[in-house]
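K.L.:
build the 3D model from these lines:
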Amino acid sequence: MIRRATPDDALAIATLYHHIVKKINSRDYAPTQIEAWVGEMPDEEKWRERQANRTTFVDEHDGTIRGFAELEDDGHIGAAYVHVDCQGLGIASALLDEMESGTLPWRISFSLGAMKASLVTAALFLLIAG
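P.N.:
This is a model prediction of the structure:
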């Protein structure tokens, strides 16, 4: 189920983000870059603060957050991450579809020239955009 994140989701989001970056992005970045990016432990307070300034959606299944995506106030996608064991199930697409739906007062536009993303995320967006 896709839903808006609540402040109570901050620890689950922080943990998911931390795990994904360490597991997936370590293929493309040096250990020192990964450590600078996510630190040693998930930072719940950082993600709680991020949620206060962004619209965050989560994919929740049986009480577990399997993915999340956040939309910044200017319409840019701030982040989109899916649990390692759930990638390829269409969760990222469902999260982006929800952000793009008419339920929000703005529309997202994919501007590849202005993309600020990790190597893994940039490849995903290029694949989605065609």
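
K.L.:
secondary structure class for Glu35?
P.N.:
helix (DSSP: H, G, I helix; E, B strand; the rest coil).

K.L.:
pLDDT weak spots in this structure?
P.N.:
Within the chain, the segments meeting pLDDT under 70 span 102-130.

K.L.:
ranges for the strands of the chain?
P.N.:
2-4, 54-61, 64-72, 77-82 (DSSP state E).

K.L.:
grab the most central residue of this structure for me.
P.N.:
Ala80 (2.3 Å; C-alpha atoms, centre = their mean).

K.L.:
tell me, how many neighbours does the spatially closest residue to it that is not a sequence neighbour end up with?
P.N.:
Among residues not flanking Ala80 along the chain, Ala69 sits closest, at 4.1 Å (C-beta to C-beta, 6 or more residues apart in numbering). Heads up, the C-betas are built off the backbone N, CA and C, glycines and all. Neighbours of Ala69 under the rule other C-beta atoms under 10 Å: 25.

K.L.:
let me know whether Ala69 touches Asp97 as I believe.
P.N.:
No - counting by C-beta atoms under 8 Å, Ala69 does not reach Asp97; the two are 10.0 Å apart.

K.L.:
how far away is Arg48 from Gly90?
P.N.:
Noted for Arg48: a distance of 28 Å to Gly90, by C-beta to C-beta, to the nearest Å.

K.L.:
among those two, which residue is more densely surrounded?
P.N.:
Neighbour comparison, Arg48 and Gly90: the larger count goes to Arg48, with 16 against 12 (by other C-beta under 10 Å).

K.L.:
and the more buried one, how far from Thr56?
P.N.:
From Arg48 to Thr56 the distance is 10 Å (C-beta to C-beta).

K.L.:
try Glu44
P.N.:
For Glu44 relative to Thr56 (C-beta to C-beta), the value is 14 Å.

K.L.:
neighbour-wise, which of the two wins?
P.N.:
Using other C-beta under 10 Å, the more surrounded residue of Glu44 and Thr56 is Thr56, with 24 against 16.
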